[in-house]
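K.L.:
Please find the sequence and the predicted model below.
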Amino acid sequence: MIRIVEQKTKIDILKMLKDTGAIMEGHFRLTSGFHSRYYLQCAKLLQYPDLTYKIVSELPDIIDEHILQETETVISPAIGGILFGYMLAFKLEKKMIFAERKTEKMEIRRGFEIKKGEKFIVAEDVITTGGSVGEIIDLCRANEAEVNAVVSMVDRSSDAGFDVPYYYLVKFDIDKYSPENCPLCKEGIKVNYPGSKKNI
């Protein structure tokens, strides 16, 4: 079951996710290792720029004005956060870059730079564990830049634990199971892993 814990928008993001097929139903292994009947593949919504723009247009109303004024650049983790971060940067009239994994850790490539003192918003489409975003925060700080806030479309974490302000538009509670107690496994339903990280 998918339950809305908190919604900060005037638009119905859950309906948009359903209408675009972004809420997938089956048997999925999540990046966290848990299993679930549902998986959020937000790329299926983000492929529509008009819908994505409607979503990011809600964000300036909930982000602190001081943070909006100070921020110079939006940075996102590849691959999932790129479309959301790019459209957010367009809305905020900021520069946008992304970090990616060449090996196991997030790094800056393709001629992008993180400059000393540069002020960032980290943008991700969905935050579950917050691991990739945490890596980007560390990456920015290692380059002596500042992270003003984290922003996501969907929060499905129990507690991402960021030490900067975290803004999201909708928070979902989605049933998940440990592999040893998964009712879907007991029913013999094949498990899928649709995430972008290496399936191990």
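P.N.:
Looks like it arrived, so ask away.
K.L.:
Could you check how many residues crowd around Asn192?
P.N.:
13 (other Cβ atoms under 10 Å). The C-beta positions use only the backbone N, C-alpha and C, and glycine is treated the same way.
K.L.:
residues contacting Cys42?
P.N.:
Contact partners of Cys42, counting by Cβ atoms under 8 Å, 6 or more residues apart in numbering, are 17, 22, 80, 84, 125-126, 153-154.
K.L.:
Please tell me how far it sits from Ala78.
P.N.:
14 Å (Cβ to Cβ, to the nearest Å).
K.L.:
for this protein, which spans come out with low pLDDT?
P.N.:
195-200 (pLDDT under 70).
K.L.:
hmm, try it at 50
P.N.:
Residue ranges of the chain with pLDDT under 50: 198-200.
K.L.:
residue ranges of the strands in it, please?
P.N.:
Assigned by DSSP state E, the chain shows strands spanning 2-7, 23-29, 35-40, 73-77, 95-101, 106-107, 119-127, 146-155, 166-174.
K.L.:
what packs against the longest one?
P.N.:
This points to strand 146-155. Judged by 3 or more Cβ pairs under 8 Å, 6 or more residues apart in numbering; DSSP states H and E, strand 146-155 is in contact with helix 65-70, helix 82-92, strand 119-127, helix 131-142, strand 166-174.
K.L.:
Between these, which one is closest to Asp50.
P.N.:
For Asp50, the closest of the helices and strands packed on strand 146-155 is helix 82-92, at 10.3 Å, according to Cβ to Cβ.
K.L.:
Not counting its own residues, what contacts that closest one?
P.N.:
42-43, 46-47, 49, 52-53, 55-57, 59-60, 68, 71, 73-76, 95-96, 98, 121, 123-125, 151-153.
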